[in-house]
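S.K.: What would the 3D arrangement of this be:
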Amino acid sequence: MWSQLVTLETRDDLGLQKQLRTVLTKAILDGKVSLDLPLPSSRHLSQLLGISRNTVVLAYQSLINDRYLISREREGYFVNPEVLSGRVIAPSTDIEIDSVPDWRGRFRVEPSNQRNIEKPQRWQRFTYPFIFGQGDPALFPVADWRECLRQAMSLSSIAQEGLDRIDRDDERLVEMIRSRLLPGRGIWVVPENILVTLGAQNALFLLAQLLLRPDDTIGVEDPCYPDARNLFSLHSRRVLPIAVDEAGLDPDERLDECRYVYVTPSHQSPTAVTLSLPRREALLKRACEQDMVIIEDDYEPEMNFASDPSPALKSLDRHDRVLYVSSLSKWLAPGLRLGFMVGPADVIREARALRRLQLRHPPALLQTAVALFIELGHHSSHLAHLREAYGQRRRLLDKALERYLPWAHRAPSAGGTAVWLRGPQNLDTRRLAEDCAAEGVLIEPGDVFFSGGDAPRNYFRLGFASIAADLIEPGIERLARAAEKQLRNPG
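M.R.: Prediction:
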């Protein structure tokens, strides 16, 4: 029985002691260990599992401390009945259910039907992951982040972070955003102009829900970040795609019918081109003339390799026409899901009230840890390290593309962590992605970024943040072989 019930695996994230505790806890809570049956002795279980007896003793002691087990002298270890008290046992029933709700008929919207970016859940298994939006674990500042978490979890901090703040943000984090991050982007505001969100996507959702009416026209770049385009289409019937060229979105008369426009000026998503200064000024001028509001998504402002990076569009705004959205976790770890928005106090007040109804506030502990990370200077040093590492990878990628894919046109960019490429007209990057996957190469087909059903199939994106520098050239070589094979045999 015990050999089947207790099995351990080779895991990097859990040591043997914690694995054993986890397995025993699950068996206890699943009701698979009888209350009157003693657990194996530490000697017996260590022999059964092939681990040290001390590991078993420590695991047992941990479970005793947490009241999962009790020790009876001369009898052994038993499940503590108290740990199972209060658990509901589902009664058996023979009632037949004749009908269930027609859920499809009840849905007001069906977001799962939208065209969106598809990323393999286990992208790390690819040898050459040219994927965008994920970080490199090797570059993560483990010691610095652990220090900030430890300070955030001190007894004095927990007394505050454990409270429900209703709708308030961490004041230190807001101050760090206001005084450390935004000035570097040319933005000067007061705390009343800042709201912390669960990532930039949450900020966009709040703005869409707060501002967009079904008949409002919102202009979006084409190609565009699909999650933003799909989000806006849930709130408005009039999402207007506006083509992007090598200078970004052209603010011409097509914007005249727009009440809002969504742009990614620093590094356009997905092309990574930068919106030129004349176009920024023209866009702001047209916004004033047409009573239009601009939503600026500055999702990767720190990753700029130019000697003279462009400031945020918001920095040029003198008439409160720009609502600024950015990320707090993309440069650290995307899974942390922290971001913020900047706007007039009236907008922030209503967005805060809406956020309260949705999720109250982002986790206070996480806000405190990120605030400490910035305050202690780890943020600046980490960004310098990332810029150096990503700059090297970008140079290696450019060199490999020139050597192996000279026919692929690259959109000009001075920053970001991806490149946007256009292949020959007869290249199908959906097929190419499948062929590359078989060779361990992960790329992102570009058709999903375009609006409409007739999207071109010869574009693709290559991210370089998640792939080691020494794997870039061999990965591109394999990509080139797959592409040339398809071009020779297009059928």
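S.K.: Do you have the helices of the stretch 251-400 of the chain handy? List them.
M.R.: Per DSSP state H, counting those that start in this stretch, the stretch 251-400 of the chain carries helices over the ranges 277-289, 345-358, 364-375, 378-404.
S.K.: Of those, which stretch is the most buried?
M.R.: Among the helices of the stretch 251-400 of the chain, ranked by average contacts under mean count of other Cβ atoms under 10 Å, first place goes to helix 364-375 (a mean of 22). Placement of C-beta: from N, CA and C, glycine included.
S.K.: any idea which helix or strand carries Ile117?
M.R.: Using DSSP states H and E, Ile117 sits within no helix or strand.
S.K.: looking at the helices of the stretch 251-400 of the chain, which is closest to Ile194?
M.R.: Set against Ile194 and scored by Cβ to Cβ, the helices of the stretch 251-400 of the chain come closest in helix 345-358, at 6.9 Å.
S.K.: next one: the closest one to chain centre, how far?
M.R.: 23 Å (Cα atoms, centre = their mean, to the nearest Å).
S.K.: quick one on the thing from earlier: any chance of the helices of the stretch 251-400 of the chain in a markdown table, plus distance to Pro141?
M.R.: Formatted as a markdown table, the helices of the stretch 251-400 of the chain follow (distance: least, Cβ to Cβ, whole Å):
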| stretch | distance to Pro141 |
| --- | --- |
| helix 277-289 | 33 |
| helix 345-358 | 29 |
| helix 364-375 | 8 |
| helix 378-404 | 5 |
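S.K.: Reformat those as JSON lines; add distance to Gly453 and mean pLDDT.
M.R.: Output for these, formatted as JSON lines (distance: least, Cβ to Cβ, whole Å; pLDDT from 0 to 100):
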{"stretch": "helix 277-289", "distance to Gly453": "28", "mean pLDDT": "95"}
{"stretch": "helix 345-358", "distance to Gly453": "32", "mean pLDDT": "96"}
{"stretch": "helix 364-375", "distance to Gly453": "40", "mean pLDDT": "93"}
{"stretch": "helix 378-404", "distance to Gly453": "30", "mean pLDDT": "94"}
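S.K.: between the ones you listed, which gets nearest to Asp30?
M.R.: Closest of these to Asp30 is helix 364-375, at 30.0 Å (criterion: Cβ to Cβ).
S.K.: Which residues outside the closest one are in contact with it?
M.R.: Helix 364-375 is contacted from outside by 144-145, 148-149, 151-153, 157, 160-163, 165, 169-170, 172-173, 175-176, 180-181, 196, 328-329, 332, 336, 338, 379, using Cβ atoms under 8 Å, 6 or more residues apart in numbering.
S.K.: one more time with 6 Å
M.R.: Applying Cβ atoms under 6 Å, 6 or more residues apart in numbering, the external contacts of helix 364-375 come out as 148-149, 151-152, 161, 165, 170, 172-173, 176, 180, 328, 338, 379.
S.K.: now do stretch 275-286
M.R.: Applying Cβ under 6 Å, 6+ apart, the external contacts of stretch 275-286 come out as Ala247, Gly248, Pro251, Leu255, Pro265, Leu313, Leu316.
S.K.: likewise stretch 453-461?
M.R.: Under Cβ under 6 Å, 6+ apart, the answer for stretch 453-461 is 132, 270, 418, 420-423, 425, 427-429, 443-447.
S.K.: Just among these, which is most surrounded?
M.R.: Pro270 (29 neighbours; other Cβ atoms under 10 Å).
S.K.: so what pLDDT did that one get?
M.R.: Pro270 is assigned 95 on the pLDDT scale.
S.K.: repeat for Tyr60
M.R.: pLDDT at Tyr60 comes out at 92.
S.K.: element containing it?
M.R.: helix 53-65.
S.K.: List the residues that contact Gly199.
M.R.: Neighbour list for Gly199: Arg337, Gly339 [criterion: Cβ under 6 Å, 6+ apart].
S.K.: how much space between it and Glu375?
M.R.: Applying Cβ to Cβ, to the nearest Å, the value for Gly199 to Glu375 is 21 Å.
S.K.: just Asp169 next, same as before
M.R.: Look at Asp169 and Glu375: by Cβ to Cβ, they are 15 Å apart.
S.K.: now Glu221
M.R.: Glu221 sits 35 Å away from Glu375, going by Cβ to Cβ.
S.K.: again, but for Val196
M.R.: Distance, Val196 to Glu375, by Cβ to Cβ: 15 Å.
S.K.: Kindly report the same for Ala480.
M.R.: From Ala480 across to Glu375, the span is 46 Å (Cβ to Cβ).
S.K.: Same question for Leu63.
M.R.: Separation of Leu63 from Glu375 (Cβ to Cβ) stands at 39 Å.
S.K.: Same check on Ala272?
M.R.: Applying Cβ to Cβ to Ala272 and Glu375 gives a distance of 31 Å.
S.K.: next one: Asp98
M.R.: Distance, Asp98 to Glu375, by Cβ to Cβ: 61 Å.
S.K.: Equivalent analysis for Ala483, please.
M.R.: Counting by Cβ to Cβ - Ala483 and Glu375 are separated by 47 Å.
S.K.: what's the answer for Phe140, then?
M.R.: 19 Å.
S.K.: And Tyr260, by the same measure?
M.R.: As judged by Cβ to Cβ, Tyr260 and Glu375 stand 35 Å apart.
S.K.: go on, Asp170?
M.R.: For Asp170 relative to Glu375 (Cβ to Cβ), the value is 11 Å.
S.K.: next one: Phe132
M.R.: Taken as Cβ to Cβ, the span from Phe132 to Glu375 is 30 Å.
S.K.: next one: Gln209
M.R.: Computed with Cβ to Cβ, the distance linking Gln209 and Glu375 is 32 Å.
S.K.: With His44 instead?
M.R.: Distance of His44 to Glu375, given as Cβ to Cβ: 52 Å.
S.K.: Turn the contacts of stretch 275-286 into JSON lines, columns for pLDDT and neighbour count.
M.R.: Output for those, formatted as JSON lines (pLDDT from 0 to 100; neighbours: other Cβ atoms under 10 Å):
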{"residue": "Ala247", "pLDDT": "91", "neighbour count": "15"}
{"residue": "Gly248", "pLDDT": "93", "neighbour count": "22"}
{"residue": "Pro251", "pLDDT": "92", "neighbour count": "25"}
{"residue": "Leu255", "pLDDT": "93", "neighbour count": "23"}
{"residue": "Pro265", "pLDDT": "95", "neighbour count": "27"}
{"residue": "Leu313", "pLDDT": "96", "neighbour count": "26"}
{"residue": "Leu316", "pLDDT": "96", "neighbour count": "18"}
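S.K.: So which of those residues is the closest to Phe78?
M.R.: Pro265 (65.2 Å).
S.K.: Identify the residues contacting that closest one.
M.R.: By Cβ under 6 Å, 6+ apart, the contact list for Pro265 reads Leu275, Leu313.
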